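Student: Kindly generate the corresponding structure for this input.
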Amino acid sequence: MVNDVSVVSPNDVPMDGNVAIFPKNDMSEIYCKQWKQDGTIQTVVYKPAMPENSQDGIENLSWRKVADYIGGRKHRG
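Tutor: Next up is the predicted model:
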């Protein structure tokens, strides 16, 4: 887990092409980083979103399940 995407260094991203997953401490974002063939690092940011027609509230979203899944995987961060 990281405080911000800026604390992730290039050494934290595997050079074999696999994606490294870095959840933000407050679980407001998940950063996925991967080396591209041109030698740059691609960063994709995932953020939880409330469904437009949801009246049940955020507790019914599966964000915590995603966080638990990521927490159970071996990743750097």
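Student: make it CA atoms for all contacts and neighbour counts henceforth
Tutor: Noted.
Student: Tell me the secondary structure at S6.
Tutor: helix (DSSP: H, G, I helix; E, B strand; the rest coil).
Student: do the same with the one 5 residues further on
Tutor: Here N11 is recorded as helix under three-state DSSP.
Student: quick one: it from F22, how far?
Tutor: 13 Å (C-alpha to C-alpha, to the nearest Å).
Student: Neighbour count: those two, which is higher?
Tutor: Ranked by neighbour count (other C-alpha atoms under 10 Å), N11 and F22 place F22 first, with 25 against 7.
Student: Torsion angles phi and psi at that one?
Tutor: phi -130, psi 100 (degrees, to the nearest 10).
Student: do the same with the one 3 residues further on
Tutor: Per-residue torsions, N25: phi -50, psi -40 (degrees, to the nearest 10).
Student: Identify the residues contacting it.
Tutor: 1-3 (C-alpha atoms under 8 Å, 6 or more residues apart in numbering).
Student: repeat for Y31
Tutor: Here Y31 is in contact with 5, 21-24, 43-46 (C-alpha under 8 Å, 6+ apart).
Student: Mind giving me the ChimeraX command for buried ones among those residues?
Tutor: Burial among these is assessed by 16 or more other C-alpha atoms under 10 Å; the matching ChimeraX selection reads:
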select :5,21,22,23,24
